[in-house]
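Trainee: heads up, no residue letters with this:
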């Protein structure tokens with residue numbers, strides 16, 4: 001490994017990287033649970049209009065649940081970028 005590559009590797013904070021991975025993992029769980037709920041709606045015997053209403057409610061709830069994690073992940077990513085440019 002070149003000296004430049006080893007310096008670049010050390011620029012990233014291990015704790016910041018771990019936090020980003022945990023947030024991304026949480027987002028994956030939220031998205032998976034959302035998909036399961038959508039599949040339950042599709043398999044139900046409800047009328048088409050009711051399914052559309054339920055899908056829209058699930059979409060809104062999914063967005064509201066995951067958006068704070070997306071914002072946090074973006075914030076951590078920007079923080080990590082700032083650390084790499086400062087080094």
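Mentor: Structure received. Here the structure is a predicted model, which means the values were calculated and not measured. Residues are numbered from 1 along each chain as shown.
Trainee: Need the residue closest to the centroid of the protein.
Mentor: residue 27 (3.4 Å; CA atoms, centre = their mean).
Trainee: Can you check the pLDDT for it?
Mentor: Note on residue 27: pLDDT of 97.
Trainee: Leaving out chain neighbours, which residue sits closest to it?
Mentor: residue 69 (5.1 Å; CB to CB, 6 or more residues apart in numbering). Heads up, the C-betas are built off the backbone N, CA and C, glycines and all.
Trainee: what helix or strand does that neighbour sit in?
Mentor: Using DSSP states H and E, residue 69 sits within helix 48-86.
Trainee: What is that helix packed up against?
Mentor: helix 14-43 (3 or more CB pairs under 8 Å, 6 or more residues apart in numbering; DSSP states H and E).
Trainee: Now do the helix it packs on against helix 48-86, angle only.
Mentor: Relative orientation of helix 14-43 versus helix 48-86 (axes from the mean of the first three to the mean of the last three CA atoms, to 10 degrees): 170 degrees.
Trainee: what packs against helix 14-43?
Mentor: Helix 14-43 packs on helix 48-86, going by 3+ CB pairs under 8 Å, 6+ apart.
Trainee: Tell me which residues of the helix it packs on come out buried.
Mentor: Residues of helix 48-86 classed as buried: 54, 58, 62, 66, 69, 72-73, 76, 80 (neighbour count, 16 or more other CB atoms under 10 Å).
Trainee: swap in stretch 40-47?
Mentor: residue 41.
Trainee: Thank you kindly, that will do.
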